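**Student:** Need the 3D shape of this:
(2 chains)
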Amino acid sequence: MASDPQKQGSGKLYDYTEGNGYPGDQQALRLRRISSPASSQNYPQFNWSSAPSEEDENGNSEPHRDLRSAPLPMALKRAIRQVQQMHVPVVSSVESWKRKKTKSLHKLKDNARGFLTLWNKSLQKIGGNFGGGVQSYFLFLRFLVVLNFVSFLLIAGFVLIPNIVFRSDGTSLANSTGPEKCMEYDPNPQGLVVFYKYFLDLLSGTGFMEYSYLFYGYYNNTLGEDRNFSYNIPLAYLFTVVFYFIFCLICIIARMGTAARVAVATGGSTVANYSMIVFTGWDYGCLGGKATKLKQNNIHYRLQVDLEEERIKKQAAALTSCQKVVLYSLRVLMFLISCGLIGAAFYCIFLATNFSQQRSGEQGILGLIFEYLPSIVITAGNFLVPLLCDQIALIERYAPSTTVIMALLRAVFLRLVSLGALLFTLWRQITCEGHTDSGACELCQYNHEVYPCWETRVGQEMYKLTLFDFLINVAVLVLVEFPRRMVVDNWPSKLAQWVGRQEFVVPYNVLSLVYGQTVVWTGALFCPLLPLINTIKFVILFYCKKITLFYNCRPALKTFRSTTSAFFFLVVLLFGWILATAVMIYSLAEIRPSMGCGPFRFLSNIWSIVPTSFYSLSTTTQEFLFFIGSQAFTIPLFVLSCVVMCYFIALASVYGKNVALLRAQLKLEGRDKQFLVKQIAELSRQLQIPKHNGVQDCR
Amino acid sequence: MGTTASKLGKDLLSEYQELTFLTKQEILCAHKRFTELLTKDEKDLPNARVPMERILTLPELKSNPFRERICHVFSTSEDKDGSLTFEDFLDLLSAFSDSATLEIKSHYAFRIFDFDDDGTLDRGDLEKLVNCLTGETDDTRLTPEEMRQLISNILEESDIDKDGTVNLSEFQHVISRSPDFVSSFKIVL
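**Tutor:** Residues are numbered from 1 along each chain as shown, chains lettered A, B, ... in the order given. Now for the predicted structure:
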């Protein structure tokens, strides 16, 4: 029949442009499709007489955005645009000038955004070659760089520069009351200093670096005065540090908000998992045969893993109670073992810090090693324990996705605990194990013999940790990753192929970033320039990691989901922030500041500068601040915020119900369609109308 | 369009900027790459059409398992041979660009996956899709058992109206819940 070849070639072809809202003679199109296969199949017969529905006076951007989102070939879009332009009403010159200005403003905004965002091109290249998971690591790194830099500007503006300005003049805020012995603090090196000692001092923050703007001990407790302007330096120092913490918290939460919005919208990763992998799994940015093959292996692996996980779940549900008991007791045992490992690491760090403190003051390279011993032990622990935990996870036989999360949580816990162990040992030595009225701490409430200026000492420890972490990263890069790649590429042996090129494992790299940032936060009170050092460190780290990614690494086999991971990284960062805040609050409130150095000497604790300065304000300000702190203000505020929160919860539940309703409606419409099709088939059978192509089109 | 050192006219350039999601640099870069594919004679033709084999020599498309489907979807050729003009090429890059909307990406993704061009994704389409994703060789394919389990899972998750196929709106519903789709459905020259 004449229609048969047409049927094969064109009859079954679905016209994708039908449902696009452009007016057209749909019926005529279908008939035309049957009769003339040579005519344009994909082009709707545009009805030139009717005007396009949106004729807006807001500006040219609206119809053009609509045009760009129309899935039509270029020639059609051009034709539609011409029609739209023909129908544009006559506008006054003022309006057309306004439109031109908004258009150029839009273009300028887009260009500026592309220019100001740091490292945009590099990130795109990374994402294209290695996928979203690796790119999320670099996005996180960029966020930390910007955060640290802005914090540095904050600290420089309120602490550093006033100190430089008011260095020489200024009246001391509190009188020197206290035992003479407590105020002895002489950080300047005595006599001739050996040349290489400068290098050692640079690495450990002692010697010429100790009495400098880098550490707490250099700042004075003066009230800088200049004509009729006075600047309370200690108060500024305290408030800047507190505000720095609050600022970081706000930034993290704001960023978490955007990430959470996406995560909540996707409604959980387990729903529609297979469809998600199959429909959205392919990365079109993969270049080259090797990357494609890797991606294909990756997807194959994921599908197999998910299918196997489903089978395992079915099996697990079918386990007898005896087998369940065995499995659960095994898991409890492994959990205890992992806790034991973490506890052992804690104890080792404790021992190392004690040893290092006892042997401090030794000279030369050995002295340097003893100084860096806590950092060395922490890094070794952070390297070994995750390896062991990975082996433990194999025995536990959780589902693969749970295994990854458990491993990461253990690694996070380990990192933060090791930092906590270091701080705990320091605290023990500074406050003589908490008994500030006995032993060496009796005179000044802190151990003034070993720590004449304990804040500087804590700052030095944090400085050393930061520096050591950075040096280790660079050393691993140079000494492990580059040689590994050279060996794998140039030595064709089976062993080399089995070891393979380095894989860029995102979670552990992120944890190292979180650890570094937590160290900086902990040390910010004692070493104000630490954010600047950290900014420089992270910038260099960005370029080093980028280089190693492109030259040494191959794309990971097990991918890390990019959007849920962004949220997870920020949650982990928040843990670090909480630890640092706890340390800061404790130092502010509980430990007596050193009497020999720093802006808070002669106060009983750092926070007491606030009440002291408070009473020097005018009475009206005092009364206002009292009012804000009183119950008459805070209780209504609390009630108001509860009401606002209830409103948002109600709104969210309404939207959720809406989504469920629409989904049900979609199902019903599908069923209606099936019912109607059956009716048509029924009717056509009854009336004996021959089966037409039109019936196929209805589907 | 013109000689070897051809440049796009300013009007054409701004028109392309308005009709696609590409920036000026991207359009010029696309023009350069496209003219590299043309033979000497074709360079003089105003709307030269490049056959699919030559398009597939582009490194961005060469190893993509969906390369032939992509060419077919964006081709406006009457012979359905997958050949592209420069404007088809721009449409392709626009749909795969950074700033394209989710709707247009999901629309074209659906068309690419619809191997038999019948407007829905049935079992045959899904099977071909999975084979493209995992690799065509025998050792990278899923076993028939796994394939069956996978496709029934997919249909169970995405086929809302239970007609045995996934249509465009069901497909877009699945895509809308994936936040990674927009960033992975990208080809940048």
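**Student:** so is the residue in chain B positioned nearest to chain A in a helix, a strand, or just coil?
**Tutor:** At 2.0 Å from chain A, B:Asp161 is the closest residue in chain B, using C-beta to the nearest C-beta. The C-beta positions use only the backbone N, C-alpha and C, and glycine is treated the same way. In three-state terms, and counting by DSSP: H, G, I helix; E, B strand; the rest coil, B:Asp161 is coil.
**Student:** so what's it scoring on pLDDT?
**Tutor:** B:Asp161 carries a pLDDT value of 73.
**Student:** Which helix or which strand is home to the closest residue to it other than its chain neighbours?
**Tutor:** Spatial nearest neighbour of B:Asp161, excluding adjacent residues (C-beta to C-beta, 6 or more residues apart in numbering or on different chains): A:Gly670 at 2.0 Å. Assigned by DSSP states H and E, A:Gly670 falls within helix A:631-687.
**Student:** Show the contacting residues for the residue of chain B closest to chain A.
**Tutor:** A:666-667, A:669-671, A:673-674, B:167, B:170 (C-beta atoms under 8 Å, 6 or more residues apart in numbering or on different chains).
**Student:** of those, closest to A:Ala393?
**Tutor:** A:Ala393 lies nearest to B:Glu170 out of those, by C-beta to C-beta, at 37.4 Å.
**Student:** Relative to A:Val278, how far out is the residue nearest to the spatial centre of chain B?
**Tutor:** Centroid check for chain B by C-alpha atoms, centre = their mean gives B:Ile70 as the closest residue, at 3.4 Å. Distance, B:Ile70 to A:Val278, by C-beta to C-beta, to the nearest Å: 17 Å.
**Student:** try A:Asn534
**Tutor:** Counting by C-beta to C-beta - A:Asn534 and A:Val278 are separated by 42 Å.
**Student:** Which segments of chain B make up each domain?
**Tutor:** B:11-96, B:103-185 (the TED database).
**Student:** Compare these and give me the one nearest A:Ile369.
**Tutor:** domain B:103-185 (46.4 Å).
**Student:** quick one on the thing from earlier: shouldn't the residue nearest to B:Asp161 be in contact with B:Ile160?
**Tutor:** Yes: with contact defined as C-beta atoms under 8 Å, A:Gly670 reaches B:Ile160; the gap is 6.2 Å.
**Student:** what packs against the helix or strand containing A:Phe567?
**Tutor:** Using DSSP H and E, A:Phe567 sits within helix A:562-589. Applying 3 or more C-beta pairs under 8 Å, 6 or more residues apart in numbering or on different chains; DSSP states H and E, we find helix A:562-589 packed against helix A:132-155, helix A:233-265, helix A:400-430, helix A:506-523.
**Student:** show me the contacts for the nearest residue to A:Cys389 once chain neighbours are set aside.
**Tutor:** Sequence neighbours aside, A:Arg410 is the residue nearest to A:Cys389 in space, at 4.8 Å (criterion: C-beta to C-beta, 6+ apart). When contacts are counted by C-beta under 8 Å, 6+ apart, A:Arg410 touches A:338, A:342, A:385-386, A:389.
**Student:** How are the helices of chain B distributed by residue range?
**Tutor:** Listed in chain order, the helices of chain B (DSSP state H) span B:10-19, B:24-37, B:52-55, B:59-62, B:67-74, B:86-95, B:102-113, B:123-134, B:144-158, B:168-176, B:181-184.
**Student:** looking at the ones you listed, which is closest to A:Tyr274?
**Tutor:** Using C-beta to C-beta, the nearest of the helices of chain B to A:Tyr274 is helix B:144-158, at 4.6 Å.
**Student:** May I see the buried residues of the closest one?
**Tutor:** Buried positions in helix B:144-158, judged by neighbour count with 16 or more other C-beta atoms under 10 Å in any protein chain shown: B:146-147, B:149-151, B:153-155, B:157-158.
**Student:** Likewise for stretch B:117-133?
**Tutor:** By 16+ other C-beta under 10 Å, the buried positions in stretch B:117-133 come out as B:117-122, B:125-127, B:129-130, B:132-133.
**Student:** I'd like the residues you listed as CSV, with distance to chain A appended.
**Tutor:** What follows is those, written out as CSV (distance: C-beta to the nearest C-beta, whole Å):
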residue, distance to chain A
B:Asp117, 5
B:Asp118, 5
B:Gly119, 3
B:Thr120, 8
B:Leu121, 9
B:Asp122, 11
B:Asp125, 11
B:Leu126, 7
B:Glu127, 11
B:Leu129, 6
B:Val130, 6
B:Cys132, 8
B:Leu133, 5
